[in-house]
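Chemist: with the sequence up front, the predicted model follows.
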Amino acid sequence: MVELTHMIDSEVFLAFSTHATVVVVKMMLMSPLTSYFRLTRKVFANVEDTRLVSREEDRKLVRVDPDVERVRRCHQNDLENVVPFVLIGLLYSLTGPDLATALIHFRVFAASRICHTVAYVSPLPQPIRALSWMTGMVVTLSMAYRVLTTATYL
Amino acid sequence: MVELTHMIDSEVFLAFSTHATVVVVKMMLMSPLTSYFRLTRKVFANVEDTRLVSREEDRKLVRVDPDVERVRRCHQNDLENVVPFVLIGLLYSLTGPDLATALIHFRVFAASRICHTVAYVSPLPQPIRALSWMTGMVVTLSMAYRVLTTATYL
Amino acid sequence: MVELTHMIDSEVFLAFSTHATVVVVKMMLMSPLTSYFRLTRKVFANVEDTRLVSREEDRKLVRVDPDVERVRRCHQNDLENVVPFVLIGLLYSLTGPDLATALIHFRVFAASRICHTVAYVSPLPQPIRALSWMTGMVVTLSMAYRVLTTATYL
């Protein structure tokens, strides 16, 4: 592994930092999207939340809506894929990969997750979403492979 | 970005490290809280778990309880908010923010999440929980803004 | 805290990097395992996904299956435990623990999570899974304790 003093100012780390922030912010935006659907469709998970749209607590608004569930599944898929990307990507950036290779990893991942979200929320016909998800997985596994092959200490 | 050799001993990184650990540990404590509710109310997700409170496997104890689900939703909300805070906060700490500004971010976030948990589990009347959640989101997005404006490499 | 230039080349950081990658990759593998169960048992969460196994969209395949739910609960438990381990483990590695102590933490955690997954998916009789989960929690809390006692800035 190269020294971090070198890495931290390096373009690889900058590129990682930028792409990681973009995908994490994209993931976070699923929360307000869920809230938006909950408030406009009046579908809540907790009885006290019904007060946000109704004068009195209304147990009938505690229900399940297919569109809200769709956004929540998309958010969950982000948690399952974006978080591993950032964790492994950070370690990968410290292994001193060359810039061009690293950029391909980061850009393909970011594009695949934006594509995944559009395909999930729209929804677009399969296998668009399946392929987007798989692309992201392959990128993260490829970075994991480099982390483990550069230096391993079990 | 400043050099990490400098940052790692810096007060900003220490402050990040402390606050990140506090909110992650708070998030982790939702797990034993869920277990506590499951064991005391005898509500399980897997049939083999019923052996923890019953001599024989008892399929009737595999059921859904509103209080257990409430704790689980709170835990899920932590995953969706605390993890992005730590990931983006780490990158933010490396951009060399001044200590006072960084401390405001970290303290407000930690307070907002503790407040969120109390409001969710009690539950307190809305919009206490909604505002706590929103406060945490704003803090993380503000740090993400700084990471992206300090240096971007797409 | 010690300087990161020193740490980054250190055996502690290498050991962390290796174990963190192993447990994150293990967590990621729950996704294809879920897909495998969904495709072989023809159990889907979205109506458009039924096109992956059927010529026309088939709403009857949008259903819940106990084995798919079991894998998903195992995946969720990984998110709740592996992510905190990596986040706190990174900060822990920077506090300059001695190698032998750090290795015990990392190895016990990795073993406990592999054991947890086997116990959950098989399933093995309790309390094997409960103890595996608890072991992982104790390791992460022990690292959090060291992070907070080495240097605290609230």
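Modeler: Now that the structure is in, tell me what you want to look at.

Chemist: from here on, just use CA atoms for contacts and neighbour counts.
Modeler: Noted.

Chemist: which single residue of chain A ends up nearest chain B?
Modeler: When scored by CA to the nearest CA, chain A has residue A:15 as its residue closest to chain B, at 4.7 Å.

Chemist: ok, now which ones touch that residue?
Modeler: Under the criterion of CA atoms under 8 Å, 6 or more residues apart in numbering or on different chains, the neighbours of residue A:15 are A:103, A:106, B:152-154.

Chemist: what about it, distance to residue A:138?
Modeler: Here the distance between residue A:15 and residue A:138 works out to 19 Å (CA to CA, to the nearest Å).

Chemist: same check, this time on residue A:21
Modeler: 20 Å.

Chemist: settle it for me: which of those two has more neighbours?
Modeler: Comparing residue A:21 with residue A:138 by other CA atoms under 10 Å in any protein chain shown, the one with more neighbours is residue A:21, at 24 against 14.

Chemist: mind checking which helix or strand that one is in?
Modeler: Using DSSP states H and E, residue A:21 sits within helix A:11-28.

Chemist: and the closest residue to chain C within chain A, what pLDDT?
Modeler: Proximity of chain A to chain C (CA to the nearest CA) peaks at residue A:153, 4.7 Å away. pLDDT recorded at residue A:153 is 82.

Chemist: residue numbers of chain A in contact with chain C?
Modeler: Chain A has residues A:1-5, A:70, A:80-81, A:83-84, A:87-88, A:91, A:123, A:125-127, A:141, A:144, A:147-148, A:151-154 near chain C, with proximity defined as CA under 8 Å from any CA of the partner chain.

Chemist: may I ask which helix or strand of chain A has the lowest mean pLDDT?
Modeler: Taking mean pLDDT, DSSP states H and E as the measure, chain A has helix A:4-8 as its least confident helix or strand, at a mean of 48.

Chemist: which stretches of chain A form strands?
Modeler: Counting by DSSP state E, no segments of chain A form strands.

Chemist: about what we covered before: for the residue of chain A closest to chain C, give me its contacts.
Modeler: Taking CA under 8 Å, 6+ apart, one finds C:11, C:14-15, C:18-19 in contact with residue A:153.

Chemist: how about JSON lines for the residues you listed, with pLDDT and distance to residue A:49 added?
Modeler: Rendered in JSON lines, the data for these read as follows (pLDDT from 0 to 100; distance: CA to CA, whole Å):
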{"residue": "C:11", "pLDDT": "88", "distance to residue A:49": "50"}
{"residue": "C:14", "pLDDT": "92", "distance to residue A:49": "47"}
{"residue": "C:15", "pLDDT": "94", "distance to residue A:49": "46"}
{"residue": "C:18", "pLDDT": "95", "distance to residue A:49": "44"}
{"residue": "C:19", "pLDDT": "96", "distance to residue A:49": "42"}
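
Chemist: and chain A, which of its residues are near chain B?
Modeler: Proximity of chain A to chain B, by CA under 8 Å from any CA, involves residues A:4-5, A:8-9, A:11, A:14-15, A:17-19, A:21, A:24-25, A:28, A:31, A:46, A:48-49, A:51-52, A:79, A:83, A:86, A:107.

Chemist: thinking again about what came up before, how near is the residue of chain A closest to chain B to residue A:96?
Modeler: Here the distance between residue A:15 and residue A:96 works out to 13 Å (CA to CA).

Chemist: which of the residues in stretch A:34-44 are buried?
Modeler: Residues of stretch A:34-44 classed as buried: A:34-35, A:37-38, A:42-44 (neighbour count, 16 or more other CA atoms under 10 Å in any protein chain shown).

Chemist: low pLDDT regions in chain A?
Modeler: Within chain A, the stretches with pLDDT under 70 are A:1-9.

Chemist: buried residues, the longest helix along chain A. List them.
Modeler: Using DSSP state H, we find that the single longest helix of chain A is helix A:66-93. The neighbour-count check on helix A:66-93 (16+ other CA under 10 Å) flags A:68, A:70-93 as buried.

Chemist: now it, how far from the centre of its chain.
Modeler: On the basis of CA atoms, centre = their mean, to the nearest Å, helix A:66-93 is displaced by 3 Å from the centre of the chain it belongs to.

Chemist: same check, this time on stretch A:22-36
Modeler: With CA atoms, centre = their mean, you get 9 Å for stretch A:22-36.

Chemist: end-to-end on it?
Modeler: End-to-end distance for stretch A:22-36: 21 Å, by CA to CA.

Chemist: next one: stretch A:145-154
Modeler: One end of stretch A:145-154 sits 15 Å from the other (CA to CA).

Chemist: what's stretch A:122-132 in contact with?
Modeler: So stretch A:122-132 is contacted by A:112-113, A:115-116, A:118-120, C:48-49, C:51-52 (CA under 8 Å, 6+ apart).

Chemist: tally of neighbours for residue A:151?
Modeler: Counted with other CA under 10 Å, residue A:151 comes out at 15.

Chemist: do residue A:104 as well
Modeler: Per other CA under 10 Å, the neighbour tally for residue A:104 reads 11.

Chemist: and it, how close does it get to residue B:152?
Modeler: Residue A:104 sits 16 Å away from residue B:152, going by CA to CA.

Chemist: then residue A:22?
Modeler: Using CA to CA, we find residue A:22 at a distance of 10 Å from residue B:152.

Chemist: show me which of the two is the more surrounded one.
Modeler: A direct count of neighbours by other CA under 10 Å for residue A:22 and residue B:152 places residue A:22 higher, at 19 against 14.

Chemist: so who does that one touch?
Modeler: Applying CA under 8 Å, 6+ apart, we find residue A:22 in contact with residue A:110.

Chemist: could you redo the last one with a cut-off of 7 Å?
Modeler: Residues near residue A:22 by CA atoms under 7 Å, 6 or more residues apart in numbering or on different chains: none.

Chemist: if I look at it, how far off is residue A:95?
Modeler: Residue A:22 is 22 Å from residue A:95, by CA to CA.

Chemist: equivalent analysis for residue A:107, please.
Modeler: 18 Å.
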